[in-house]
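S.K.: Sequence below, structure please.
(one chain, ligands or ions: 1)
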Amino acid sequence: MTDGHTTGGVRGPVDDGEVAGFWAALGLPGAVDLHVHFMPEQVLRKVWSYFDRVQLHGEPRWPVAYRLGQDDRIGRLDDLGVRRFGALAYAHRPGMAAWLNRWAADLAAAVPAVLHCATFHSEPDADAYVAAALASGAQLFKVHLQVGGFDPRDPQLRPVWARLAAAGVPVIVHAGSGPEPGAFTGPEVFGGVLAAHPELTAIIAHMGMPEYGAFLELALRHPNVHLDTTMVFTDFVERFAPYPRALVSRLAEHADRIVLGSDFPNIPYRYAHQIDALARLGLGVDWLRAVCWDNPSRLLAAVRT
Ligand SMILES: [Zn+2]
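M.R.: Got it, this is the predicted structure:
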């Protein structure tokens with residue numbers, strides 16, 4: 001592991017104990033990490049057992065680094081100086097999103113740092129429970145097209161996308177074909193949603209891994225589409241889906257479109273490594289401030305519910 005990369009005179013954190021100091025060195029009060037997962041215990045255990053079984057390009061293990069109880073995970077994010085964070089859950093089948101949304105609303109009500117998050121699947125009551133979630137103050141949505149296995153262009157989801165676009169509520173979409181492709185992953189499918197809802201505030205998870213270039217182009221064609229850094233640029237992902245060096249300068253040009261994401265707690269390395277991997281890009285302190293604080297804060301402030 002090569003850690004502690006300096007950009008603009010600030011050195012990336014070499015371990016989790018240095019992350020809070022890194023934000024301070026940037027002149028930030030901390031970070032806003034939209035792509036963090038919290039789920040009901042039984043759902044999270046299933047996700048962890050999936051990662052325990054995963055075989056990835058000869059990589060036998062995906063050892064989840066933060067396999068802790070919920071209170072300890074919240075405490076760890078606080079120690080890392082993450083001031084606001086997502087509590088993303090997603091449905092792998094119909095019939096569970098409304099329940100996940102009620103659980104997430106309760107968590108956000110109990111813990112001030114937790115953003116009020118929600119999800120949906122393709123099902124007849126999706127518009128009704130999305131409307132209910134928005135009415136109760138949902139600030140951030142997540143859908144996972146590979147795990148969910150549904151077509152986001154399904155006509156019954158048109159009112160849902162329209163509702164989210166009108167509310168200016170960001171929706172994180174796992175739309176890329178990595179680490180595993182699905183029937184509805186890839187830039188063309190989600191591009192169809194954006195063609196119909198060009199004002200949607202969408203955040204492409206993992207910067208669209210591995211279709212980085214196509215998702216960057218898609219984002220730049222739509223004023224409210226962003227890309228999250230989740231797992232990208234880390235040594236782990238660079239081994240099987242390296243970010244093209246030729247695109248890095250475009251990330252500098254479009255700093256306002258990139259937001260911090262980590263996938264905490266389901267990551268096979270320390271949180272500090274994701275942050276140092278961003279420093280390693282060498283794009284300077286203004287870029288890091290925009291990505292880790294200004295951009296996600298701006299998206300949350302723009303919510304009209
Ligand atoms: Zn995730």
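
S.K.: Nearest spatial neighbour of residue 295, chain-adjacent residues omitted?
M.R.: Computed as Cβ to Cβ, 6 or more residues apart in numbering, the closest residue to residue 295 that is not its neighbour in sequence is residue 259, at 4.8 Å. The way it works is simple: take the backbone N, C-alpha and C, and place the C-beta from them, glycine included.

S.K.: what's the neighbour count on the one you found?
M.R.: Look at residue 259: counted by other Cβ atoms under 10 Å, it has 27 neighbours.

S.K.: got it, and residue 12?
M.R.: Residue 12 has 24 nearby residues by other Cβ under 10 Å.

S.K.: Tell me if I'm right that it and residue 6 touch.
M.R.: Yes - at 7.3 Å, residue 12 and residue 6 qualify as touching, with contact defined as Cβ atoms under 8 Å.

S.K.: Spit out the contact partners of the residue nearest to residue 295.
M.R.: Counting by Cβ atoms under 8 Å, 6 or more residues apart in numbering, residue 259 makes contact with 34, 203, 226-229, 291, 295-296, 299.

S.K.: Kindly recompute the last result at 10 Å.
M.R.: Each residue near residue 259 by Cβ atoms under 10 Å, 6 or more residues apart in numbering is listed here: 32-35, 170, 172, 203, 226-230, 290-299.

S.K.: Throw together a PyMOL command that grabs the buried residues out of these.
M.R.: To isolate the buried members of the contacts of residue 259 in PyMOL, using 16 or more other Cβ atoms under 10 Å:
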select buried, resi 32+33+34+35+170+172+203+226+227+228+229+230+290+291+292+293+294+295+296+299
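
S.K.: Which of the contacts of residue 259 fall in helices?
M.R.: 295-299 (DSSP state H).

S.K.: Just the closest of those residues to residue 133, please.
M.R.: Checking the ones in helices among the contacts of residue 259 against residue 133 by Cβ to Cβ gives residue 299 as the nearest, at 17.1 Å.

S.K.: Excluding covalently adjacent residues, which one is nearest to the closest one?
M.R.: Leaving aside its chain neighbours, residue 299 sits nearest to residue 170 (4.9 Å; criterion: Cβ to Cβ, 6+ apart).

S.K.: Could you report the pLDDT at residue 59?
M.R.: At residue 59, the predicted lDDT confidence score is 60.

S.K.: Which element, helix or strand, includes residue 146?
M.R.: Taking DSSP states H and E as the criterion, residue 146 maps to helix 145-148.

S.K.: typo on my end, it should be residue 185
M.R.: Element membership for residue 185, per DSSP H and E: none, as it lies in no helix or strand.

S.K.: just residue 199 next, same as before
M.R.: For residue 199, there is no enclosing helix or strand under DSSP H and E.

S.K.: in the worst-scoring helix or strand of the chain on mean pLDDT, what's buried?
M.R.: Scoring the helices and strands of the chain by mean pLDDT, DSSP states H and E places helix 41-53 at the bottom, with a mean of 91. Within helix 41-53, the residues scored as buried using 16+ other Cβ under 10 Å are 43-44, 47, 51.

S.K.: Can you spell out which helices and strands pack onto that helix?
M.R.: Contact analysis of helix 41-53 by 3 or more Cβ pairs under 10 Å, 6 or more residues apart in numbering; DSSP states H and E lists helix 70-79, helix 97-110 as its packing neighbours.
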